[in-house]
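fold the following, please.
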Amino acid sequence: MFNEKIILQAGQAKQLSPVTLAFVGDAVYSLYIRANLVAAADRKPSDLQKLASQKVSAHGQSELLKTLEGRLTEEEHEIYLRGRNAKKATKSKNADVAEYNRSTGFEAVLGFLYLTGNEERIHTLLGE
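Model (predicted):
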């Protein structure tokens with residue numbers, strides 16, 4: 001099912017809306033966290049869901065970004081700013097506006113990296 005991966009050129013990916021990049025990045029980060037939780041210990045699905053929710057939340061992503069922001073490349077920082085500053089159609093139910101905006105920027109970076117085939121960089125940023 002996933003034999004052929006779609007890889008865009010950086011220029012193509014930059015043409016996408018930062019909210020679209022964040023849409024992909026949200027899924028990438030969620031899968032990354034879930035896979036790492038499952039690999040770390042055999043837990044009940046309800047426990048896994050609680051742990052994943054804490055990390056994948058806007059608050060959790062905003063906190064992680066504080067440690068990563070200085071490690072972003074110039075290109076990644078530009079994408080982060082576009083995502084952070086983008087007008088969003090929805091609002092977070094459980095985070096303040098600043099956290100939600102930072103998490104959208106973070107997700108936009110992950111979406112960009114994933115769509116351009118730079119999974120190694122994702123692993124580097126997320127601590128693998």
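
what are the buried residues along stretch 86-106?
86, 92, 95, 99, 100, 101, 102, 103, 104, 105, 106 (16 or more other CB atoms under 10 Å). Where you see a C-beta, it was placed from the backbone N, CA and C, and this is true even at glycine.

quick check, pLDDT for the second one.
This means residue 92. On the pLDDT scale, residue 92 is placed at 69.

just the buried residues of stretch 86-106 now: which is nearest residue 77?
Nearest to residue 77 out of these is residue 105 (CB to CB; 9.3 Å).

the longest helix seen in the chain - contacts with which helices or strands?
Ranked by number of residues, the top helix in the chain under DSSP state H is helix 18-40. For helix 18-40, the packing partners by 3 or more CB pairs under 8 Å, 6 or more residues apart in numbering; DSSP states H and E come out as helix 45-56, helix 74-85, helix 97-115, helix 119-126.

could I get the buried residue list for it?
18-22, 24-26, 28-29, 32-34, 37.

what's that helix in contact with?
Contacts to helix 18-40, defined as CB atoms under 8 Å, 6 or more residues apart in numbering, come from residues 13, 43, 48, 51-52, 55-56, 61, 79, 82-83, 86-89, 104-112, 114-115, 122, 126.

thank you, goodbye.
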